[in-house]
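# Give me coordinates for this.
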Amino acid sequence: MSRMPATMTGHAAVRPEDPCAEHARTLAALQERVKELDCLYAISRLAERQDLALEAVLDGVAGIVARAWQYPEITRVRVVVAGTCAASPGWRRPVARQTAPVVIQGKRVGRIAVGYLEPRPECDEGPFLAEERHLLDAVAEQVGRIVAARAAGERLRQLSRELIRAQEAERQRLARELHDNVAQDLSGLRLGLCALAEQLETRGEAALPEAAFRARELGAGLGRAVSALREAAHDLLPPDLAHLGLAETAVRLCEEYAARHQIVVECYADGMDGASQDFETSLNLYRMLQEALANACRHARAGKIVVRLLASYPHCILRISDDGQGFDPATRLPEALAAKRMGLWSLGERARLLGGRLRILSRPGQGTTLVAEVPWGEGRR
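Predicted coordinates for the structure are as follows:
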């Protein structure tokens, strides 16, 4: 009995699939996967090029993506991210395209568009493969990470530059303070003591009444010089912080600002006595309070400031409210960064350094409230 040329299922004959055609399809699919992997790897290598500006990187991404699609000879790619636009050579309006959004921290900041300049047969998504949709989404996610990393790097470099400037400005301030005040006062005291000694040597007991009066004057001058040195040292590192804790040191700082600027500064602390305090957190919160008080006095024209410290396990909350002129945070913060005014920005950076966050609540004419919430005590571990 001869073999049938095809298998029988019921009354219909089913021919076995051509092995050559199956091999060709498998090979084509593998080639597409290789192109996808090459595309993502090439973009990763391009992102490492710190010598290239962001626009040049995005230009490179557009060219790499164009080569990864089914018909690279008619594929054009356009990338628009955060005001920067890049495209593969010969970009023009395509007859068919697919797009993917570029998202950074949940916010859409741009998109990538891939298009064909000529019609092609229908596939899974118009003329595009389902795998190409997955690749485009992966590329958009990768571009988002590249842009975010570049922005973070630039912000870090800007912070480093401002930190160096702030250090130099602080050194110059201390040098002027020590030279113009303390050093001159001490020089005057030295001359006064020399004159007093000479007076006693030449006039003997007759000079005692006058010498006693002069000695008291010199003692008062020496006391002022010591106070100036203590204030300079206090600005560098508050000595009360390690001994008295954050709450008591914050109260003293508020009292000093109230007396110096002739405004009302109220300070309340709750739950701080029994809380486990680490010095790094206490110091950064103290510096944040310093900066916030200085801003309220210098810029907000506040007449009253209310400071609240609350230990609520596992967080510590620092809240500073003033009745000043207020501002729009959405416009003020970018303007401050552009003008190299780092006060508010440094407050947020200190909160992030501690693993917390800072909220700025303000409106023009309605005052300002800063709320810093950071891990505290056992919550820091």
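# now V102: how far from V95?
Between V102 and V95 the distance, using CB to CB, to the nearest Å, works out to 24 Å. From N, CA and C alone the C-beta is placed, and that goes for glycine too.
# higher neighbour count, these two?
Neighbours of V102 and V95, each counted by other CB atoms under 10 Å, are more numerous for V102; the result is 24 against 13.
# you'd agree that one is in a strand?
Yes - read with DSSP: H, G, I helix; E, B strand; the rest coil, V102 is one of the residues of a strand.
# okay, now the nearest residue to it once chain neighbours are set aside: neighbour count?
Across the structure, with CB to CB, 6 or more residues apart in numbering as the measure, the residue nearest V102 apart from its sequence neighbours is G110 (4.2 Å). Residues within reach of G110, counting by other CB under 10 Å, total 20.
# Next secondary structure element downstream of the helix or strand encompassing G110?
Element membership of G110 [criterion: DSSP states H and E] is strand 107-116. Under the assignment DSSP H and E, the closest C-terminal helix or strand after strand 107-116 is helix 130-176.
# Now do that following helix against strand 107-116, angle only.
Here helix 130-176 runs at an angle of 140 degrees relative to strand 107-116 (axes from the mean of the first three to the mean of the last three CA atoms, to 10 degrees).
# name the helices or strands packed onto helix 130-176?
The helices and strands touching helix 130-176, judged by 3 or more CB pairs under 8 Å, 6 or more residues apart in numbering; DSSP states H and E, are helix 19-47, helix 54-67, strand 75-81, strand 96-104, strand 107-116.
# let's go with 10 Å and repeat that
helix 19-47, helix 54-67, strand 75-81, strand 96-104, strand 107-116, helix 208-236, helix 329-338, helix 343-353 (3 or more CB pairs under 10 Å, 6 or more residues apart in numbering; DSSP states H and E).
# Which positions within the strand holding G110 qualify as buried?
Buried positions in strand 107-116, judged by neighbour count with 16 or more other CB atoms under 10 Å: 109-116.
# Quick check: G153 vs V147, distance?
G153 is 11 Å from V147, by CB to CB.
# show me what contacts E125?
Each residue near E125 by CB atoms under 10 Å, 6 or more residues apart in numbering is listed here: 96, 98, 132-133, 136.
# relative to helix 54-67, how tilted is the strand holding G110?
What separates the directions of strand 107-116 and helix 54-67 is an angle of 40 degrees, with the same axes, to 10 degrees.
# Neighbouring strands of strand 107-116 in the sheet, and parallel or not?
Note on strand 107-116: by DSSP bridges, its sheet partners are strand 75-81 (antiparallel), strand 96-104 (antiparallel).
# State the mean pLDDT of that strand.
Strand 107-116 carries an average pLDDT of 94.
# ok, now stretch 184-202?
Per-region confidence: stretch 184-202 scores 78 on mean pLDDT.
# where does the chain have its least confident helix or strand?
Sorted by mean pLDDT, DSSP states H and E, the helices and strands of the chain end with strand 7-9, the least confident at a mean of 43.
# Tell me how far stretch 63-73 lies from the chain's centre.
Chain-centre distance of stretch 63-73: 37 Å, with CA atoms, centre = their mean, to the nearest Å.
# Which positions within it qualify as buried?
Buried residues in stretch 63-73, counted by 16+ other CB under 10 Å: 63-66, 68-70.
# phi, psi of C123?
Torsion angles at C123 (phi, psi; degrees, to the nearest 10) stand at phi -130, psi -130.
# so what pLDDT did it get?
pLDDT at C123 comes out at 90.
# for S2, same thing?
Per-residue confidence for S2 comes out at a pLDDT of 40.
# Out of the strands paired with strand 107-116, which one sits most buried?
When the strands paired with strand 107-116 are scored by mean count of other CB atoms under 10 Å, the highest mean neighbour count falls to strand 75-81 (a mean of 23).
# for the record, mean pLDDT for that strand?
The predicted confidence, averaged over strand 75-81, sits at 94.
# chain center to it: distance?
Its chain's average C-alpha position is 29 Å from that of strand 75-81, according to CA atoms, centre = their mean.
# Ok, stretch 211-219 next?
Its chain's average C-alpha position is 55 Å from that of stretch 211-219, according to CA atoms, centre = their mean.
# in it, what counts as buried?
By neighbour count with 16+ other CB under 10 Å, stretch 211-219 contains the buried residues 211, 214, 218.
# Okay, and A250 sits in which element?
helix 246-261.
# Tell me the helices and strands packed up against that helix.
Partner elements for helix 246-261 (3+ CB pairs under 10 Å, 6+ apart): helix 208-236, helix 240-244, strand 264-270, helix 279-298, strand 304-312, strand 315-322.
# tell me which residues in it are buried?
Taking 16+ other CB under 10 Å as the criterion, helix 246-261 shows 246-251, 253-254, 257-258, 261 as buried.
# Now do that helix against strand 315-322, angle only.
Comparing the axes of helix 246-261 and strand 315-322 via the same axes, to 10 degrees yields an angle of 10 degrees.
# TSV for the buried residues of strand 107-116, including distance to C20?
Compiled in TSV, the buried residues of strand 107-116 are given as follows (distance: CB to CB, whole Å):
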residue	distance to C20
V109	48
G110	45
R111	41
I112	37
A113	37
V114	32
G115	34
Y116	29
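# Of those, just say which sits nearest to A294.
Closest to A294 out of those is V109 (34.0 Å), distances taken as CB to CB.
# Please name the nearest non-neighbouring residue to that closest one.
Once flanking residues are discounted, V109 sits nearest to A82: 5.0 Å by CB to CB, 6+ apart.
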